[in-house]
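[1] would you be able to build a 3D model of this:
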Amino acid sequence: MYSLLPALVASIFLGYGVFVACAQGFTRVGTSFFVLCMTSAMWQGTWAVLFQVHDPHLAMFLVKLGYLLILFLPTSLYHLLTEISLKENERRYVYVSYGVAAILATTLLTSNYFVSGYYDYFFGLYPKAGLLHPLHVLQTVVVVNRGLYITWRQQQNANANRRLKLRTCIGAVLTYFFAAIDYLCNYGVEFYPPGVIFIAISLGIFTIAIVRYDILNPLAIAATVAHEMRTPLLSIRNQARGIERDLPLLLQGYESAVKAGLVEPSIRPSTMKFLSSIGGTITHEVDRANNALDMMLASLKMDKIDTSTFTFHSIESCVNEAINRYTFDPGERAKVTVGELMDFEFYGSETLLTMVMFNLLKNALYAIKAAGKGEIRISTILTPTFNTVCFTDTGTGVSSDALPKVFDPFFTTKKSGGSGIGLAFCHRVMTSFGGFIRCESVSGKFTTFTLEFPVLENRSGAGNTAPNQANQANVSQTSVTNTMTPPNEA
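    Model prediction:
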């Protein structure tokens, strides 16, 4: 009788995992959730059998097998929250936690220090905690609370829709945490362990968040909208070009008719001036919208980027191309100074790097407009270990609190409500090039973004090659503060 509940919940776990895998596929979040479900299903299935056996050897085997799976559950939950929160930098801590769990698993399998036998309770046999068991309890508390913390921080800076998704996940984790009451049974307190109920409810909430709220792909709707916007924007641009071509002729005809006394002058001179430029203005705004859509769609596809299309490009050519193609508002181009560029080659995509430049230009111009002052300077620095592009503006700067989060997805400091994907996109692009991007800023004074590219070797002859994996892995992340002096700060 006591085995029915864990057996039922094991089946539910299997159903959750298979359902999400079929509905969403094996993305980063989907895979971590699938692992969590499968591990939980095997653990509860093992307990269902353990409650029925009486053979000591089989019982001890099941005790260790069940706890082998339990050891990795807190980390798999932490892993899931890391992927849901899109905290790429957090993954290294997740791997450390998996390593700690593996060490504890080794202790479990090779000694009795972790599990020192079992209790014979009224509902069946149950693992007895050993001397090292409190380390697992401590790890559970640490990683679950860490997962809650990063998810909570992410929802604070998210838009309303994503905030709802993340808060749903936080509710699921808090429900999961109540399952810790089962640890009392490991220390001799006899009661039927109710934790399985809390975990089943928790994974149910996660399933709702993943499938109903599409937490696995938070930009899926944005991608659909971006694609749908292409056609009307193209139509608007074509019509605007027609207006730009034909409207001046109509206005000239009107002016001629006024001079000839054929019609009364009913259109004000300011309106005439506005109408003469309206076609170009519409084209300009459509181009800006298309640039934003290009960046969004490229960002959405970064997990599946085809690096086989990468080739060698001149950084000077890319910087000049970005400046020439960017759709500046009146007076903005004069605020941008391109220093004497020391050219170098990088291995990657010219299109993606141009989009990175577009994003940095847009952010810098926004900061200058918000501050009511400032300028932009672009320069390059060559060193034996890496080549850099320095992109400095003397606008509002970034506060010390916001600076560590500028590359986090969905984080934005714009009061007008930015999407928060631009700098995260830049980070992904530079990583795909085997490089790095960093930000240094003083609030109210300047902001410098430094793009670091690995130095290419063997580019002088037939042995031209792309950066090898070792070079990409060892791209210097040493600060270049000493080589960067913001404009007007010298």
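[2] domain-wise, how is this structure divided?
    Here the domain parsing of the chain from automatic domain parsing is 4-218, 221-300, 305-483.
[3] and the shortest one, what's its mean pLDDT?
    Put plainly, it is domain 221-300. For domain 221-300, the mean per-residue pLDDT is 72.
[4] touching, L132 and T106? I think so.
    No: the pair L132 / T106 is not scored as a contact, 11.0 Å apart, by Cβ atoms under 8 Å. For glycine as for every other residue, the C-beta is placed from the backbone atoms N, C-alpha and C.
[5] of those two, which one has the most company?
    More neighbours surround L132 than the other of L132 and T106, with 17 against 11 (other Cβ atoms under 10 Å).
[6] can you tell me which residues contact that one?
    L132 sits next to 104, 107, 113-114 when contact means Cβ atoms under 8 Å, 6 or more residues apart in numbering.
[7] do you know the pLDDT at it?
    On the pLDDT scale, L132 is placed at 91.
[8] separation between it and L71?
    According to Cβ to Cβ, to the nearest Å, L132 stands 11 Å off from L71.
[9] worst mean pLDDT among the domains of the chain?
    Of all those, the minimum mean pLDDT falls on domain 221-300 (a mean of 72).
[10] the helix or strand where N145 lies: what's the following helix or strand?
    Using DSSP states H and E, the element containing N145 is helix 133-156. Per DSSP H and E, helix 133-156 leads on to helix 160-177 as the next helix or strand towards the C-terminus.
[11] now that next one: buried residues?
    Of the residues in helix 160-177, 162, 165-166, 168-170, 172-173, 175-177 count as buried by neighbour count, 16 or more other Cβ atoms under 10 Å.
[12] again with stretch 437-447
    Buried residues in stretch 437-447, counted by 16+ other Cβ under 10 Å: 437-442, 446-447.
[13] what of stretch 61-72?
    For stretch 61-72, burial by neighbour count (16+ other Cβ under 10 Å) applies to 62-72.
[14] quick one: that stretch to chain centroid distance?
    When C-alpha coordinates are averaged (Cα atoms, centre = their mean, to the nearest Å), stretch 61-72 and its chain have centres 33 Å apart.
[15] ditto for stretch 353-365
    Taking Cα atoms, centre = their mean, the mean C-alpha location of stretch 353-365 is offset from the chain mean by 18 Å.
[16] pull the contacting residues for I437.
    Taking Cβ under 8 Å, 6+ apart, we find I437 in contact with 407, 426-427, 430, 449-452.
[17] if we go to 6 Å?
    426-427, 430, 451 (Cβ atoms under 6 Å, 6 or more residues apart in numbering).
[18] phi, psi for the residue nearest to F122 when sequence neighbours are not counted please.
    Computed as Cβ to Cβ, 6 or more residues apart in numbering, the closest residue to F122 that is not its neighbour in sequence is E190, at 6.9 Å. Note on E190: its backbone torsions stand at phi -90, psi 110 [degrees, to the nearest 10].
[19] need the contact list for E452.
    Contact partners of E452, counting by Cβ under 6 Å, 6+ apart, are 386, 388, 435-436.
[20] ugh, typo on my part, it should be G117
    Neighbouring residues of G117 by Cβ under 6 Å, 6+ apart: K128.
[21] the helix or strand where it lies pairs with which strands, parallel or anti?
    Secondary structure from DSSP H and E places G117 in strand 115-121. Strand 115-121 sits in its sheet next to strand 124-129 (antiparallel), going by DSSP bridges.
[22] can you give me the neighbour number for the closest residue to I378 other than its chain neighbours?
    Of all residues not flanking I378 in the chain, V338 sits nearest, at 5.0 Å (Cβ to Cβ, 6+ apart). Around V338 there are 15 other residues, counting by other Cβ under 10 Å.
[23] so how far is the helix or strand where Y93 lies from its chain's centroid?
    Per DSSP H and E, Y93 falls inside helix 91-110. Taking the mean of its C-alpha atoms, helix 91-110 sits 26 Å from the chain's own mean (Cα atoms, centre = their mean).
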